[in-house]
Structures are given as C-alpha cells and as structure tokens.
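Trainee: With the input below, show me the fold.
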Amino acid sequence: MNPDGAGPARAEHDIDSRIDADALVSPYADIDDREVESSLRPRRLVDFVGQVRVREQLELVLESARRRGSPPDHVLLSGPPGLGKTSLALIIAAELGAAIRVTSGPAIERAGDLAAMLSSLTAGDVLFIDEIHRIARPAEELLYVAMEDFRVDVVVGKGHGATAIPLEVAPFTLVGATTRSGLLTGPLRDRFGFVAHMDFYSATELEQVLRRSADLLGVALQADGGREIAGRSRGTPRIANRLLRRVRDFAEVRADGVVTHDVARAALAVYDVDELGLDRLDRSVLDALIRRFAGGPVGVSTIAVAVGEEVQTVEEVAEPFLVRAGLLARTPRGRVATAAAWEHLGLRAPAGLGVALYGDVSRTMSGRFADRTLFDTE
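Mentor: The predicted structure follows:
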C-alpha cells in the first residue's frame, strides 16, 4: 500500500478501534479488509471507479502540476469511510511518480513527531495524513507554516532560554483525509488548495467495483450476482468487497463456486444482510425503536441500552445508513422510526405518522430549535 513498505494499516487500526469494525456492513476496515484492500486498490486514476467529478478535478490538478514541474497544491479528501480516500492518496503519489509517507492524525501526538517526518521528506514527496482532523493542536500549528512556507521552527531549550531554529523543508504535497470535515479548524482547511468531497456510490458503480475485484480475486461472478451484492452494499466499495468475499466462501462450500443471483441471495441470508443492506444491529435498532418505544421519539443512549451496544457503535455504524435509507429520523426530541421502517419490519405504521413526524418539527420551529431541520442531531 505504501511504496516505502509501510502501509496505513496501523493508522487505520488506531481509528477503527474506536468502534465495532467487525460488523459485515460496517464501513470501517478490519484486519482482513486492510490485507485484501492492498491488492484490490487501483494504481492509476483511470482505474479508479466512481467519483467522476472528483477524478476529473484531480486529473486537472495533477496534470497541471506535471506540466509546471512543481508539486501540486495540498489536497484534502473528505467523506464517509470506505469510499476510497486512501486509494486516491496512493494514486496521487503514483501519478506524480513520487514517494509517499503515510501516517494518521492520532499518531502525531507532538509537534516534534511531525517536524521529524517533514524534515525527512525529499522534494516532490507526498505526505498522507489520514483522519487529519484528529492531529494534536501543537502539531497542527507547526503544519500551517510547513504547508505555506515549507519551513518548520524547531524549539531548542526550555523556558526563557528556548530558541526557535527555522528548518527548511523540501517542497512537498500534503494529502489529508477526514471523515469529519466539520471538525477541521478553519486555518487548516484554508491551507488546502484542492478540497474534494467523496459521495456514496451508485449500485451501477458498485457493480463495476465488484467486477474488477472478482477478476483480481479469481471469483466467478455473474452479472446478476454482482447486481444482488451491489444492492446490499450501502453505496460503499469496502462493504461491497467484503460481501463479495463472504459470498465467494458460500459459493465454494455450498454451490459450484459460481456467484449467481440465487447464490448471492442465499449467502447474504446466512450472513443476516437483508435486501436493503441492513444487518442484525440495524434491524435490532429499528425493532427496539418500534416494538419497545412505539416508534419514538427516543434518545440514542436509550436505544443503545435496548440493543446491548455502545452508544458510539449505534451512532457511527447503524444510524448513518438508517437515516440515509429513510428508515430513521433524527428530531430535536430524539430518534423516530419512519413509515418505511415499520413497513420494512412487516408492521403497519400508525395512521398519520408522517404528519405527526413533521408536525413535531414544525412545533419546535418557533422555539429554540428554529434553525434546525428534521434530521439534525441533538
């Protein structure tokens, strides 16, 4: 994954250990994902599937830099996990023919750590910082000067006798990745010359991802089988590739090794991934919300207790997709199951649920929640 031999596995592990990355439809990487992704990642921009607008913009940035013979502007990649931010960072280095150094925000605890890393870069190198919004504040302030003036000030001594020694840094390109762009400070965000937001993939794009991955993994994947897997992958390539491997295992053991529509459906039924891509945790959240709390509104901490999970797991693994799928609404008073959630569980929604849901918000608009929308969190 890293041309120098040190991939972002350790950086990703530090990030993913905060929540449950073992769920089959979690967008976060586990150990197996990191090992497989190193062989599945595209090496060139032309091979990268999806994110059409981002690819076009990035191609212009890189080609312009190549023609000028100078490093491109610093690049910030934002978006949910599992969409290919790390892959794009590696592609940027490959397209520039440059070496890449990989680290993560949580791994940079002191300004000295970053200064040592920056001073070891050669002209044109790419520095990739994953989860850059979690970088320590002293290191972030040092990074400001390095990004603008290619210089770091090394402090020698302590107290009144401390002296700042300026140290020149070779021109480099910083590629930052973040899943929470809102947590980036304004000064850091402003120093990136190119900012790209990555969106979820369409089912058609995921089918392309699956065909490419199947070829690389040697999986006999039929078109209808890929379509079935893509439809349950939550718009995330990492989840699609993970489901493909599990379906491959099922096909090799209980079928003839060919992933067809029927084989994919049977396999995903075994792994508790339903037609919408919901797994056991997702359905447990909806079930608790509807059967125990009459559809809500109810606080997320109460839901977490009801399903026996950590609050952070419910918020970061289950809720984002449930909201995006239109099954869960975040209101000022708590979480509410939509009519689609009732229908998905085979239950009849209460009469006037939609009116009541929107009415709940309209009543608060004149109060302290006047600047918030239906899907805002508390």
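
Trainee: does E37 really touch R242, like I thought?
Mentor: No: at 9.8 Å, E37 does not count as touching R242 under the criterion of CB atoms under 8 Å. Yep, even glycine has a C-beta here, placed from its N, CA and C like the rest.

Trainee: Report the residue spans of the stretch 51-200 of the chain with pLDDT below the cut-off.
Mentor: 154-164 (pLDDT under 70).

Trainee: Strands of that one, residue ranges please.
Mentor: 75-78, 100-104, 126-130, 151-156, 163-168, 173-178, 194-197 (DSSP state E, counting those that start in this stretch).

Trainee: can you put those in JSON lines and add distance to G225?
Mentor: Formatted as JSON lines, these follow (distance: least, CB to CB, whole Å):
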{"stretch": "strand 75-78", "distance to G225": "31"}
{"stretch": "strand 100-104", "distance to G225": "34"}
{"stretch": "strand 126-130", "distance to G225": "33"}
{"stretch": "strand 151-156", "distance to G225": "53"}
{"stretch": "strand 163-168", "distance to G225": "56"}
{"stretch": "strand 173-178", "distance to G225": "32"}
{"stretch": "strand 194-197", "distance to G225": "31"}
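
Trainee: Could you dump the ones you listed into TSV with mean neighbour count and distance to D279 added?
Mentor: Listed next are these as TSV, based on neighbours: other CB atoms under 10 Å; distance: least, CB to CB, whole Å:
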stretch	mean neighbour count	distance to D279
strand 75-78	24	26
strand 100-104	22	27
strand 126-130	26	26
strand 151-156	15	46
strand 163-168	11	50
strand 173-178	26	26
strand 194-197	17	26
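
Trainee: L143 is nearest to which of the ones you listed?
Mentor: strand 173-178 (7.7 Å; CB to CB).

Trainee: now the closest one against strand 100-104, angle please.
Mentor: Orientation of strand 173-178 against strand 100-104 (axes from the mean of the first three to the mean of the last three CA atoms, to 10 degrees) gives an angle of 30 degrees.

Trainee: quick one, which of the strands of the stretch 51-200 of the chain is nearest to G84?
Mentor: Per CB to CB, nearest to G84 of these: strand 75-78, 8.7 Å.

Trainee: Show me what that closest one is packed against.
Mentor: Judged by 3 or more CB pairs under 8 Å, 6 or more residues apart in numbering; DSSP states H and E, strand 75-78 is in contact with helix 85-96, strand 173-178, strand 194-197.

Trainee: Please point out which parts of the helix or strand following the shortest one sit buried.
Mentor: So the one you mean is strand 194-197. Per DSSP states H and E, strand 194-197 leads on to helix 203-217 as the next helix or strand towards the C-terminus. By neighbour count on 16 or more other CB atoms under 10 Å, the buried set for helix 203-217 is E205, L206, E207, Q208, V209, L210, R211, R212, S213, A214.

Trainee: Let's have these in a markdown table, adding distance to A93.
Mentor: Below are the buried residues of helix 203-217 laid out as a markdown table (distance: CB to CB, whole Å):
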| residue | distance to A93 |
| --- | --- |
| E205 | 24 |
| L206 | 26 |
| E207 | 28 |
| Q208 | 24 |
| V209 | 22 |
| L210 | 26 |
| R211 | 26 |
| R212 | 21 |
| S213 | 22 |
| A214 | 27 |
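
Trainee: Name the nearest residue to Q222, ignoring sequence neighbours.
Mentor: T260 (5.1 Å; CB to CB, 6 or more residues apart in numbering).

Trainee: Relative to I108, how far out is V247?
Mentor: As judged by CB to CB, to the nearest Å, V247 and I108 stand 39 Å apart.

Trainee: Counting neighbours, go ahead and name the busier of these two.
Mentor: V247 (29 against 22; other CB atoms under 10 Å).

Trainee: in the helix or strand hosting that one, what counts as buried?
Mentor: Assigned by DSSP H and E, V247 belongs to helix 237-254. For helix 237-254, the neighbour count (16+ other CB under 10 Å) marks 237-244, 246-248, 250-251 as buried.

Trainee: ok so, going back, which of the buried residues of helix 203-217 sits closest to A98?
Mentor: When these are compared against A98 (criterion: CB to CB), the nearest one is R212, at 25.0 Å.

Trainee: quick revisit: my read is that the residue nearest to Q222 contacts G225, right?
Mentor: Yes: in this structure, T260 is within contact of G225 by CB under 8 Å, at 4.9 Å.

Trainee: Give me the more crowded residue out of the two.
Mentor: The neighbour comparison of T260 against G225 (other CB under 10 Å) goes to G225, with 26 against 20.

Trainee: And for the more buried one, nearest residue in space, chain neighbours not counted?
Mentor: G225 sits nearest to V259 (CB to CB, 6+ apart), 3.9 Å away.

Trainee: mind checking pLDDT for the one you found?
Mentor: Listed pLDDT for V259 reads 93.

Trainee: Then R41?
Mentor: 88.

Trainee: Just give me the neighbour total for it.
Mentor: Neighbours around R41, by other CB under 10 Å: 17.

Trainee: Contacts made by stretch 248-264 with the rest, please.
Mentor: Contacting residues not belonging to stretch 248-264 are listed as 214, 217, 219-222, 224-229, 244, 247, 266-267, 270 [CB atoms under 8 Å, 6 or more residues apart in numbering].
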